[in-house]
Each structure stands twice: as C-alpha cells, then as structure tokens.
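Asks: attaching a predicted model along with its sequence, questions to come.
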Amino acid sequence: RPHEEVDWPALCAYLKRELPPYAIPVFLRITDHGVETTGHFKHQKNKLKEEKYDLNQHNDPVYVLLPGESCYQRLTPEMQADIDNGKHRF
C-alpha cells in the first residue's frame, strides 16, 4: 500500500509551489494496474474517464482536494455523494 506512505502535506505544498492553481489535480486515483495503451503507446483514457472518481465502479483509492481544504483526503462514499449532489463546487 505505497499510497499510504505518501507524505501528503509535502505533496500538497510541492503542487501549490510548482503549479498554478488551475493545474493542481482535484482528484488523484491510485491504481495498481497500468493504463492500457494503443499500438502507438498512447494511453487509453476512455475507461478511466467513464469510471471517474466513482467508488462504485472500481476498487482503487481516490483522493480529493476539496474546496477550502489545504490537502488531499481519501474519498469516502459520503464525500462522493456530497460532490455528486453539488455540495462541493470545483
């Protein structure tokens, strides 16, 4: 479980220091399997786009940077419901 060993505050500080606010990812999905590629080694992202951050469609841990928060949190079904219902606006 290498994602549990991540120094999340340091990662957040790095992203805020090195990227403009609009380029900081809102969701981070950690997957153990590689992303499928085409014959030209381009990533096939359609399946990932369809599954998005929906915890019901995959078993991967997802982390979210909620508005007003300083760092990522592990996405829970309750948080997902709040996002889907418009409680959090990005």
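Replies: Arrived safely, thanks for sending.

Asks: which secondary structure state is assigned to the spatially closest residue to D32 that is not a sequence neighbour?
Replies: Among residues not flanking D32 along the chain, D60 sits closest, at 7.7 Å (CB to CB, 6 or more residues apart in numbering). Backbone N, C-alpha and C define where each C-beta goes, glycine included. Secondary structure, DSSP: H, G, I helix; E, B strand; the rest coil: D60 is coil.

Asks: strands of the chain, start to end?
Replies: With DSSP state E as the criterion, the chain has strands at 27-29, 62-64, 73-74.

Asks: ranking these by burial, who's on top?
Replies: strand 62-64 (a mean of 21; mean count of other CB atoms under 10 Å).

Asks: who does it pair up with?
Replies: With DSSP bridges as the criterion, the sheet partners recorded for strand 62-64 are strand 27-29 (antiparallel), strand 73-74 (antiparallel).

Asks: dump the residue contacts of C71.
Replies: By CB atoms under 8 Å, 6 or more residues apart in numbering, the contact set of C71 is 8-9, 11-12, 65.

Asks: report the contact partners of the nearest residue to D54 once chain neighbours are set aside.
Replies: Nearest non-adjacent residue to D54, counting by CB to CB, 6+ apart: Q80, 7.1 Å away. By CB under 8 Å, 6+ apart, the contact set of Q80 is 53-55.
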